[in-house]
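Q: A structural model of the following input is requested.
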Amino acid sequence: MLDLPVVQLPQSVPIQAERPPMENIPQTRDERERIREQLRDFVKLRNPVPPLRVDELRQMAEEFVERNGLRRLYTDYVAVLLNSEVWRDTLAAVPYDRRLLLLPKCMRLEDRCPAPFDEFGLLCKQCGLCSIQDLQEEAERLGYAVLVAEGSALVTAIIETGRIEAIVGVSCLSVLEKAFPFMEAAAIPGVAIPLLQDDCKDVTVDAEWIWEVIHLTSDDRTHRLNLDALRADVQTWFEPAELDRLMGRAANDTERIAREWLAKDGKRWRPFLTVCAWKALQDDAAAVLPDDLRRIAIAVECFHKASLIHDDIEDDDDVRYGDATLHVSHGVPMALNIGDLLLGDGYRLIGECEAAPDCVVAMLQVAAAGHRMLCLGQGDELSWSRDPQPLSSLEVLDIFRRKTSPAFEVALQLGALLGGGDETVSSVLTRYSRSLGIAYQIRDDVEDMDDGDALDVTAVMRPTLPLAVLHERTVANPDERALVDRAWRQQLDEGEIEPVRQLMEQYDVRQRCHVLQESYKEDALRALSDLQTASLKGLLRRVVSKIFHLELKGWCSEFEDADGASGAAGTEAVGELDAARR
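A: I've put the predicted structure just below:
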């Protein structure tokens, strides 16, 4: 039986129409994150005391824009983010059950949304067609009051009740600007997440940012940790001099080749996860990273690089990191030996750790179990390559679970064990890692598809999710199904490659893969619900955002002209939400 998490999948995801980007909001996630990081440094430097007046906020936003060489059109956007950053720590200290999450109705899928409206806003029917359901369920689970509505009148009424001490608001820039005077007058902490469009049509929102903010708590000692800086620090551990310091000098050609391979390019996600797990379990978020942690993180990368060497041999790949693979440059016997040496180095580094003996034993057991599971997953893939035949999506995902997820689990479990994590932490990390690993491998398949590799079905040497999805989509057409069967068995003629490409486009395979990826990513996030350590929960949630850099899209066309609920309705709404929560 396939041991996969139960994932609820939306039945259909619409395609966003092409439309020009807004000029006054950065449209790339990287640029928005960079601005947010720069604003945190700016606020730390200036240390403004909230609430800020409009003129103060405007002046600081203009200064920030000029200092960082940003477009002047971004000033209003920067002002909204700046005000949120100023209130960030204050909001983090407010209990969840004294906060309100205010979502806009335009996040729904209007044409298919079954939810009615009352005087308080949208009454979500939990249909799963948009992101409102997940955000509302998670916020209410934490204790928030949640309203899906707009309007400054409603915000004012809620503030006047005195039952809400902080607001997390999602809306367009124009609505956020209208609400600001009321927030300022009440001196109520508020964090605002702007929609990326303000015309209530095909709206896009940075969903990961919303998830991060609603979970913000002062109990999370790492909520201000700069993950980009931490990851950059981890990268320096793989420079030759630092590897020599932590592992000992290379004594011969074999060790030198192994170190060169270990120092080669890579995203270093796995050692980064090890460090994150350890750091989140420390009482002092600014604690110096000990050499034991550095060695454990390097051990994780040793395991990863060894698996890549062996994978390249098994898959007969010629290129890795833009250069010749190790078996191409040094021969298969040397490559096999280097891979084995890196495995030995990984276990050596764990064994030499100065942690308590029972902790060292537990880490060795975790590494060995992960190594064994990875080999079993790779074995399934190799067995398939000897007799290629169609696999279902679930069968492909099960291979991902055994081949990709163990590396994530080992990385997190080692960091948590070294940091003092208990059995509950270990159990959560297992579920989180399995879903995260599957989502990560799906992303690789989709990226290959976008690059054209996954469409070159004659070159497929492993089961891929796009081909599995296509096989399932063509079940009703015998001719198409026969063509996809031949693709699976690598029996296509040259003239049949293009028809398969066209079928993938016709059946929207890319979008289906994206839906599956999002589902497993969300399952990883839900696994964190059982964690009692706020710092670890918050950090792992942010890690998902860093790895995937995805945006959840909503499609709608708002048609209500009303400003929102009346003041009386707003007061009544908060009272009803309070009663329901109790």
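Q: OK, contacts around Val544?
A: Each residue near Val544 by CB atoms under 8 Å, 6 or more residues apart in numbering is listed here: Glu208, Leu436, Lys521, Ala524, Leu525. C-beta: built from backbone N, CA, C; applies to glycine.
Q: of the residues you listed, which belong to strands?
A: Among the contacts of Val544, no residue falls in strands (DSSP state E).
Q: verify the stated contact: Ile313 with Pro333.
A: No - if you go by CB atoms under 8 Å, Ile313 and Pro333 don't touch, sitting 10.2 Å apart.
Q: who's more crowded, these two?
A: Ile313 (17 against 9; other CB atoms under 10 Å).
Q: tell me which residues touch the more buried one, please.
A: Counting by CB under 8 Å, 6+ apart, Ile313 has contacts Thr325, His327, Val332, Ala335, Leu336.
Q: from Arg34, how far out is Lys44?
A: Lys44 sits 16 Å away from Arg34, going by CB to CB, to the nearest Å.
Q: kindly report the same for Val170.
A: 21 Å.
Q: next: Pro26.
A: 9 Å.
Q: then Leu308?
A: As for Leu308, its distance to Arg34 is 30 Å (criterion: CB to CB).
Q: before we move on, the earlier item: can you pick the most crowded of the contacts of Val544?
A: Leu436 (29 neighbours).
Q: excluding sequence neighbours, find me the nearest residue to that residue.
A: Ala524 (4.4 Å; CB to CB, 6 or more residues apart in numbering).
Q: my guess is the one you found meets Thr430, correct?
A: No - between Ala524 and Thr430 there is no contact under CB under 8 Å: 11.2 Å.
Q: what ranges do the strands span in the stretch 301-450 of the chain?
A: Listed in chain order, the strands of the stretch 301-450 of the chain (DSSP state E, counting those that start in this stretch) span 319-320, 323-324.
Q: grab the nearest non-local neighbour of Val43.
A: That would be Glu85: by CB to CB, 6+ apart, it lies 4.8 Å from Val43.
Q: which residues touch that neighbour?
A: Arg36, Leu39, Arg40, Val43.
Q: which phi and psi does it have?
A: phi -70, psi -40 (degrees, to the nearest 10).
Q: where does the prediction get shaky in the stretch 51-200 of the chain?
A: 107-131, 150-156, 159, 178-179, 181-186, 197-200 (pLDDT under 70).
Q: just the strands in it please.
A: Using DSSP E, counting those that start in this stretch, the strands of the stretch 51-200 of the chain run over residues 99-103, 117-118, 121-122, 145-148, 166-171, 190-194.
Q: let me have those in a markdown table, extended by distance to Arg71 and mean neighbour count.
A: A markdown table is the format used below for these (distance: least, CB to CB, whole Å; neighbours: other CB atoms under 10 Å):
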| stretch | distance to Arg71 | mean neighbour count |
| --- | --- | --- |
| strand 99-103 | 28 | 25 |
| strand 117-118 | 37 | 12 |
| strand 121-122 | 34 | 22 |
| strand 145-148 | 32 | 23 |
| strand 166-171 | 22 | 24 |
| strand 190-194 | 16 | 25 |
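Q: out of the ones you listed, which comes closest to Thr204?
A: Closest to Thr204 of the strands of the stretch 51-200 of the chain is strand 190-194 (CB to CB; 10.5 Å).
Q: tell me the angle that closest one makes with strand 99-103.
A: 20 degrees (axes from the mean of the first three to the mean of the last three CA atoms, to 10 degrees).
Q: after strand 190-194 comes which helix or strand?
A: Using DSSP states H and E, the next helix or strand after strand 190-194 towards the C-terminus is strand 204-205.
Q: and that following strand, which strands flank it?
A: strand 552-553 (antiparallel) (DSSP bridges).
Q: from Lys279, how far off is the nearest residue to Gly346 once chain neighbours are set aside?
A: Nearest residue to Gly346, sequence neighbours excluded (CB to CB, 6+ apart): Cys302, at 3.7 Å. Going from Cys302 to Lys279 by CB to CB gives 21 Å.
Q: between these two, which is the more surrounded one?
A: More crowded of Cys302 and Lys279, by other CB under 10 Å: Cys302, with 26 against 23.
Q: do I have it right that that one meets Gly339?
A: No - in terms of CB under 8 Å, Cys302 does not count as a neighbour of Gly339; the distance is 9.9 Å.
Q: quick one: contacts for the residue nearest to Leu436?
A: Arg431, Tyr432, Ser433, Ser435, Leu436, Ala439, Val544.
Q: then Gln532?
A: Thr424.
Q: could you redo the last one with a cut-off of 10 Å?
A: Asp219, Asp422, Thr424, Val425, Val428 (CB atoms under 10 Å, 6 or more residues apart in numbering).
Q: where does the chain dip in pLDDT?
A: 1-22, 107-131, 150-156, 159, 178-179, 181-186, 197-203, 450-461, 549-582.
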